[in-house]
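need a structure here:
(one chain, ligands or ions: 2)
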Amino acid sequence: MERVRVRSRPPRPYPGSFNLAQGCPPRFATLYRSGFRPRKRAPDTTGQEIAPVNQDAPAPADRPASLFPRRAAAEDVRGFLVHRGLLDEAAQAALMAAVGAIWQAAPPLHPVTRWGRPMSVAMTSAGALGWASDRRGYRYDPCQPDGRPWPAIPALLLDLWRSLTGPAVLPDSCLVNLYRAGARMGMHQDRDEADLSHPVVSISLGDDALLRIGNPERGGTTQSLWLHSGDVVVMGGAARLLHHGIDRIRPGRAALVPGGGRVNLTLRVAGPA
Ligand SMILES: O=C(O)CCC(=O)C(=O)O
Ligand SMILES: [Fe+2]
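Ligands and ions are numbered 1, 2, ... in the order given. The predicted structure is shown next:
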């Protein structure tokens, strides 16, 4: 008698795919590992508890959108639009308080690359989809490694997105990168999103970071610039697929991030329409 094999488990998502399963069942965390150790002499603060954020900062929901952008002309670096000092100190403090709330609901962890190494940047997400990485590759996932959904994107960030890109489509993913001393991000393209016609809006808080911008292909000449707290970079249009990375941060300069370092927020339209 011919036997029909029934597949008992759904196929696993492949690199660059979306896991759009409904709900977030509890499961074991295999995507992330703790214990990243910087190779340089910089002190390892990555394992530190995230200190409570400044509760006196204005609550994000109370902050009207009109307090946002002091929109001077953006600097164009290879097509990346760099809005210097777009966020004033009050806006930065309000955003940092919103990041603190995200960390409470979704603690930052070091994703493992497909080669099995923990990244030096600690990450978490807000929104319907969060960015995940493991040995199978990168993807967007509606659930945290512990099975919970990601917290919502703060209204303050949606206001900022609207003011920079127009109201048509809102982001469904906000990656929250935490760079302690010694953390860096290698050259890469942002191409895990379903529709690359939407820009990526990238916000810097805390210590300065050295951003390197390359080309659509790997290699070639690059251009570097220091990003400061309150700067916002829009990566869109022809520049959407430029390689870029963070070579290093200048630790200990800013007091904005509890425990020190730099926070970078990237807003994206990640999922399919
Ligand atoms: O930290 C930054 O400024 C860049 C982050 C980035 O490129 C990314 O998250 O894809
Ligand atoms: Fe990126």
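
from here on, just use CA atoms for contacts and neighbour counts.
Noted.

around ligand 1, which positions in the stretch 51-200 of the chain sit nearby?
Selection of the stretch 51-200 of the chain residues close to ligand 1 by C-alpha under 6 Å from any ligand atom yields D190.

alpha carbons only: can I get stretch 171-178 in CSV?
What follows is stretch 171-178, C-alpha atoms only, in CSV (Å, rounded to 0.1, in the frame of the first residue of the first chain):
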residue,chain,number,x,y,z
PRO,A,171,6.1,52.2,9.5
ASP,A,172,5.3,48.8,10.9
SER,A,173,8.8,48.2,12.4
CYS,A,174,11.2,50.2,14.6
LEU,A,175,14.5,48.6,15.2
VAL,A,176,16.1,49.8,18.5
ASN,A,177,19.9,49.5,18.4
LEU,A,178,22.0,49.9,21.6
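
tally up the residues packed near the residue of the stretch 151-273 of the chain found nearest ligand 1, please.
Minimum separation of the stretch 151-273 of the chain from ligand 1 (C-alpha to the nearest ligand atom) falls at N264, amounting to 4.9 Å. Other residues near N264 come to 19 when the count uses other C-alpha atoms under 10 Å.

check contacts around it.
Counting by C-alpha atoms under 8 Å, 6 or more residues apart in numbering, N264 makes contact with 175-179, 202-205.

and the pLDDT at the closest residue in space to G236 that isn't next to it in sequence?
Spatial nearest neighbour of G236, excluding adjacent residues (C-alpha to C-alpha, 6 or more residues apart in numbering): P199 at 4.1 Å. Model confidence at P199, given as pLDDT, is 97.

what's near enough to touch P199?
By C-alpha under 8 Å, 6+ apart, P199 lies in contact with 165, 234-237, 240, 268-269.

separation between it and T165?
Relative to T165, P199 is positioned 8 Å away (C-alpha to C-alpha, to the nearest Å).

repeat for H244
Remark: distance between H244 and T165 (C-alpha to C-alpha) = 21 Å.
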